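Colleague: Below: sequence and its predicted model.
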Amino acid sequence: MSNLKKRLAAAFGVLAAFGVAAGLYVQTQPASAEQHTVIVDRFGTLHTLDAKIAQQTLAARHGLSAHYDPLTRSTRSFSTELHNLKADLAPLARRHAELSAGLEALQAAADERGQAVELFKRQNSILRNSLYYLPLAAEQVTEEIEQAASNPADEAEPVKAISKLVQATLTQNLLSGQSETAKANRRLKEAEALTPRIPSQARERYRLLLAHAKTVVRVKNEVDPVIRRDVLAAPVSAKLTGLEQRYRRNFEAALQKASLYRTVLYAWSILLLIAVLVVAFKLRGLYARLERLVVERTQKLNETLQELWGEMELAKKIQTALVPHHFELKDCDVAAVMRPTAEVGGDYYDVFEVNGVEWVLIGDVSGHGVPAGLVMMMCQTSVHSVVASRPDIAPDELLATVNRTLTHNIQRLGEDKYMTISALRREPDGSFKVAGMHQDLLVYRSRSGRIEHLLAEGTWLGIASDIRALLPVRTVKLDPGDALLLYTDGITEARKDGQMLDIDGLKQTLLAHGQETPEKILDGILGKLEGYDVHDDVAVLIIKQREPTTALNHSAA
Amino acid sequence: MSRTRGGLGLVGFALLVASTSCEKAGGDPESQRTDDLPPADEAAELVSTEPILPLRASAAQDQALVALGSRLFHDPILSKDESVSCATCHDLSHGGDDGRARSVGVGGKHGGVNAPTVLNAALNIGQFWDGRAESLEAQIDGPVQNSLEMASDWSDVEKKLNGSAKYKTAFAEALHQSPTRQGVKQAIAAFERTLITVDAPFDRWLKGERDALSAEQLEGYELFKGAGCIACHQGRNVGGNMYQRFGVFGDYFKDRGNATEADNGRFNVTHKEADRHVFKVPSLRNVALTAPYFHDGSAKTLPDAVKVMAKYQLGKILSERQIQRLVSFLGSLTAPKQKYLASRSGGEQT
């Protein structure tokens, strides 16, 4: 698996873990308790209104309530509450067919009951109108019959029939038995049969009386079944109870589901917590290991640096150790100093004598560092070995011989190095045969008090394999008091305020101190360098000619 | 790869869990309905031995909404050619109707039935003679869209109202929305709920002002109860809370002739044979102001109407004297106009 895929998988994993947690959390929120309270309240209100409708219907039927306002209000409120209950339950009903079916059934029952109540109100009004009017109408008709009848015998039968009819009708209204209805109907028929015998003035009222009596008998038998069957026994209450039970079961199931999801959510949260802890612990371990590693590496690096530094010191030591510190040169006082920079350098000077032949050399390997030091050492070794085998070798030949070895070795090293060098051989008369192109030679002439500037000529070592022909030889003769100054470019290239000391600066210093001892001249030059930035190795060698003496003992600084 | 698949699976599960839980129970408050009826004094109802109760002023309504409703009620903008407003047929200063047997709508067309009064309409069991509208809001759909009345289209009405800066401001103030058909209905219904005619002499008498009724009116009231009128015209609205067949004793429609579809009454709503010729029992409040009478406007005067009622509904013969007493009593149901006209002040006629 590639790194990217691993990261994607990890990101998906984290997202999914939190997604599951969020999903579980939502599932733990059941139908809100607030909503539940509202719905339960509605069921309660509907139950109350249902009971009220039954009570108020009965009250209206039996004359306890003189108007329909309370009943009308209750049926209207029931319908409004039911509408609102449907709205409250709509989201649940969409998912639970039994709730939606229950609501439909309740609505149908309520509608039917509502129509029954309206029918009742209607019929009850008619019944009451006739019932109240019946005794009054009977009285009026009786009066009219009595007034109209000329003969008491004629009036007796109809008046009796009216009385019996009213009695039977009112009884039928009070008692709901079939026999009472049958009796009332009988009395109606008897009264109807008497109609032709009613005086014409009273006949219309008589007919009205019969119509009202008929209305009472008929409507009474319509109203009561409507109350009993369609209002009191309406299935509204049962449907309401059934729906409420279904709703409560549903809500409890939702609660249980929510509680189950809560448990799962807790477990999931604990798992997540553990995962986070494990990751944190692992990260901490990783961090500690990293820190330890850094410490270890730093220590190792320091050690390596120390080792390297030690080696550098050693290389430097070799360099300074290879140059001489005591100089013996016949009839001359010699002073010299070698100051390497921080690194190993390539400066070189030498003063030595083999079989009575005295040699002075000064040189400088290009660049710094161990390779430059190595080249300088090779050169020194090579010079000594050549001079050891042939002490009176010509200086140009010496340089040519050394150059061959050096060039060869530099090529082997694969280093792009070269070396400036001047070799001076002391002649029996005390003069110097000079070859090689190092720096210009400066000679302080004691008698004239002037500086003689001898330009360097020839070529460098390490560039070509055979350079003998390119190396002219000349002679420098020092008179007593004269001083020969040999130096490396570390001095002339020293800078102060962007200005090089240069050969002129060096000349002035030599001129100022020319009459003094070599040590003093040396001090003067080093003193001049105070305040200069010195970037390169510094090597200075001063040879001062003494008055010729018999004693040949020399000492050096 | 198996870990990636596992992760995808978990994400899928999470989405599933989240999606199934989006359809939790929770009602839609928008679809809730409230009864904005003027409050009833239930305690008084229980104690009272009288079948009629005094009216009580409607509960405090939102003033901005009522003002908007009043303005809309009086503005012909609701009709197609802007010639007819609600107030054209429901003139509040003339008993809440227009005094015609059949109202005149857009283009001079005549309506199918006599315009009922808008006064105390909030107390009715249903609106229209056949009670086909359960609420005042639902009622408004009728005249606005009826081709014989305002002949409008709700979309046009909405467009016109939205084109009026005044209405846009008024709707924003009252309902925090731009004009809509629901807003129009809501506002007009709110206005109509304020049209409760309190302090009629009879109501003052019911409240204990013994000299609020004349002797004739009192006799009329006793007759009103004794003759059986009270069987249907009862409650605080003296009717309006039930339905009754027109022609309990005798066939009114056969006797009158020229049967119309409107004569079928509530049958047109329920399609039940038992409901044929059944109408809402109209309120008798302010009845002296609302001639002509009945759904067909056939009774030109109140005594005429009382006679028809006595014959076809009560099955009684009333003397002229009795009729006069009844009419005299019915006059005591007329409330002082200034009380209910005050609610109009919020609106301005345009």
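Modeller: All right, it came through fine. Just so it is clear, the structure is predicted and the values come from calculations on it, not from any experiment.

Colleague: and residue 29, what pLDDT?
Modeller: Picked chain A for this. Per-residue confidence at A:Gln29 stands at 72 (pLDDT).

Colleague: my bad, the chain I had in mind was chain B
Modeller: Value for B:Pro29, per-residue pLDDT: 49.

Colleague: Over to A:Ser446?
Modeller: The predicted local confidence for A:Ser446 is 90.

Colleague: tell me the phi and psi of A:Val226?
Modeller: A:Val226 has phi and psi values of phi -60, psi -50 when expressed as degrees, to the nearest 10.

Colleague: For it, grab the count of nearby residues.
Modeller: 21 (other C-beta atoms under 10 Å in any protein chain shown). The way it works is simple: take the backbone N, C-alpha and C, and place the C-beta from them, glycine included.

Colleague: Helices along the stretch 1-150 of chain B, start to end?
Modeller: Using DSSP state H, counting those that start in this stretch, the helices of the stretch 1-150 of chain B run over B:2-20, B:42-47, B:63-74, B:86-89, B:136-145.

Colleague: Pick out the shakiest of those, pLDDT-wise.
Modeller: Ranked by mean pLDDT, these bottom out at helix B:2-20, with a mean of 47.

Colleague: Can you point out the buried residues in stretch A:370-382?
Modeller: Neighbour counts over stretch A:370-382 (16 or more other C-beta atoms under 10 Å in any protein chain shown) mark A:Pro371, A:Ala372, A:Gly373, A:Leu374, A:Val375, A:Met376, A:Met377, A:Met378, A:Cys379, A:Gln380, A:Ser382 as buried.

Colleague: Hmm, A:Glu516 is touching A:Gly524, no?
Modeller: Yes - with contact defined as C-beta atoms under 8 Å, A:Glu516 counts as touching A:Gly524 (7.2 Å).

Colleague: tell me which element A:Leu4 falls in.
Modeller: Using DSSP states H and E, the element containing A:Leu4 is helix A:3-27.

Colleague: any idea which helix or strand comes after that helix?
Modeller: Past helix A:3-27, the next helix or strand by DSSP H and E is helix A:33-61.

Colleague: buried set for that following helix?
Modeller: Neighbour counts over helix A:33-61 (16+ other C-beta under 10 Å) mark A:35-36, A:39, A:42-43, A:45-46, A:49-50, A:52-57, A:59-61 as buried.

Colleague: which helices and strands sit right next to that helix?
Modeller: Applying 3 or more C-beta pairs under 8 Å, 6 or more residues apart in numbering or on different chains; DSSP states H and E, we find helix A:33-61 packed against helix A:69-95, helix A:97-148, helix A:236-322.

Colleague: could I get the ones you listed as JSON lines with mean pLDDT, mean neighbour count and distance to B:Leu318?
Modeller: As requested, the helices and strands packed on helix A:33-61 are exported to JSON lines (pLDDT from 0 to 100; neighbours: other C-beta atoms under 10 Å in any protein chain shown; distance: least, C-beta to C-beta, whole Å):
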{"stretch": "helix A:69-95", "mean pLDDT": "91", "mean neighbour count": "20", "distance to B:Leu318": "27"}
{"stretch": "helix A:97-148", "mean pLDDT": "92", "mean neighbour count": "20", "distance to B:Leu318": "12"}
{"stretch": "helix A:236-322", "mean pLDDT": "88", "mean neighbour count": "13", "distance to B:Leu318": "41"}
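
Colleague: What average pLDDT does stretch B:253-272 get?
Modeller: On average, stretch B:253-272 scores 93.

Colleague: same question, stretch A:497-504
Modeller: Mean predicted confidence for stretch A:497-504 is 88.

Colleague: Report the contact partners of the residue nearest the centre of chain B.
Modeller: Among the residues of chain B, B:Ala121 comes closest to the average C-alpha position under C-alpha atoms, centre = their mean, at 2.9 Å. If you count contacts by C-beta atoms under 8 Å, 6 or more residues apart in numbering or on different chains, B:Ala121 has them with B:Gly96, B:Gln127, B:Leu136, B:Gln139, B:Glu192, B:Leu195.

Colleague: If we go by neighbour counts, what in stretch B:92-112 is buried?
Modeller: Per 16+ other C-beta under 10 Å, stretch B:92-112 contains these buried residues: B:Leu92, B:Gly95, B:Gly96, B:Asp97, B:Asp98, B:Ala101, B:Arg102, B:Ser103, B:Val104, B:Gly105, B:Val106, B:Gly111.

Colleague: And the residues you listed, which two are furthest apart?
Modeller: Pairwise distances across those (C-beta to C-beta) peak at 22.9 Å, for the pair B:Gly95 and B:Val106.

Colleague: Spit out the contact partners of B:Ala335.
Modeller: So B:Ala335 contacts B:Leu55, B:Thr197, B:Val198, B:Asp199, B:Ala200, B:Asp203, B:Arg285, B:Asn286 (C-beta under 8 Å, 6+ apart).

Colleague: how close does the second one sit to A:Arg450?
Modeller: The reference is to B:Thr197. Distance, B:Thr197 to A:Arg450, using C-beta to C-beta, to the nearest Å: 143 Å.

Colleague: Of those two, which one has the most company?
Modeller: Between B:Thr197 and A:Arg450, counted using other C-beta under 10 Å, the more crowded position is B:Thr197 (26 against 13).

Colleague: hang on, the more buried one in a strand?
Modeller: No - counting by DSSP: H, G, I helix; E, B strand; the rest coil, B:Thr197 falls outside a strand, being coil.

Colleague: still on that earlier bit, as CSV, the helices and strands packed on helix A:33-61 with distance to B:Val238 would be great.
Modeller: Conversion of these to CSV gives the following (distance: least, C-beta to C-beta, whole Å):
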stretch, distance to B:Val238
helix A:69-95, 11
helix A:97-148, 13
helix A:236-322, 30
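
Colleague: Which one of those helices lies nearest to A:Pro225?
Modeller: Of these, nearest to A:Pro225 by C-beta to C-beta is helix A:97-148, at 10.0 Å.

Colleague: tell me the angle of the closest one relative to helix A:33-61?
Modeller: Going by axes from the mean of the first three to the mean of the last three C-alpha atoms, to 10 degrees, helix A:97-148 is angled at 20 degrees with respect to helix A:33-61.

Colleague: Skip ahead from helix A:97-148 and say which helix or strand is next.
Modeller: Sequence-wise, the next helix or strand downstream of helix A:97-148 (DSSP H and E) is helix A:152-174.

Colleague: From the contact counts, what lies against that following helix?
Modeller: Applying 3+ C-beta pairs under 8 Å, 6+ apart, one finds that helix A:152-174 contacts helix A:97-148, helix A:178-193, helix A:200-225.

Colleague: what about the first one, near chain B?
Modeller: Yes - Helix A:97-148 lies within reach of chain B by C-beta under 8 Å from any C-beta of the partner chain, at A:115, A:118-119, A:121-122, A:125-126, A:128-130, A:132-133, A:136.

Colleague: Please list the residues of the stretch 251-400 of chain A that sit near chain B.
Modeller: Residues of the stretch 251-400 of chain A lying close to chain B (C-beta under 8 Å from any C-beta) are A:Ala254.

Colleague: on that earlier part again, now look at the helix holding A:Leu4 and say if it contacts chain B.
Modeller: Yes - with C-beta under 8 Å from any C-beta as the criterion, chain B is reached by helix A:3-27 at A:5-6, A:8-9, A:12-13, A:15-17, A:19-20, A:22-24, A:26-27.

Colleague: What is the nearest of those residues to B:Glu173?
Modeller: For those, the nearest to B:Glu173 is A:Val26 (39.7 Å; C-beta to C-beta).

Colleague: Mind putting the buried residues of stretch A:370-382 into JSON lines with pLDDT and secondary structure?
Modeller: Converted to JSON lines, the buried residues of stretch A:370-382 look like this (pLDDT from 0 to 100; DSSP: H, G, I helix; E, B strand; the rest coil):
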{"residue": "A:Pro371", "pLDDT": "79", "secondary structure": "helix"}
{"residue": "A:Ala372", "pLDDT": "82", "secondary structure": "helix"}
{"residue": "A:Gly373", "pLDDT": "82", "secondary structure": "helix"}
{"residue": "A:Leu374", "pLDDT": "82", "secondary structure": "helix"}
{"residue": "A:Val375", "pLDDT": "86", "secondary structure": "helix"}
{"residue": "A:Met376", "pLDDT": "86", "secondary structure": "helix"}
{"residue": "A:Met377", "pLDDT": "85", "secondary structure": "helix"}
{"residue": "A:Met378", "pLDDT": "87", "secondary structure": "helix"}
{"residue": "A:Cys379", "pLDDT": "90", "secondary structure": "helix"}
{"residue": "A:Gln380", "pLDDT": "89", "secondary structure": "helix"}
{"residue": "A:Ser382", "pLDDT": "90", "secondary structure": "helix"}
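
Colleague: Sounds good, over and out.
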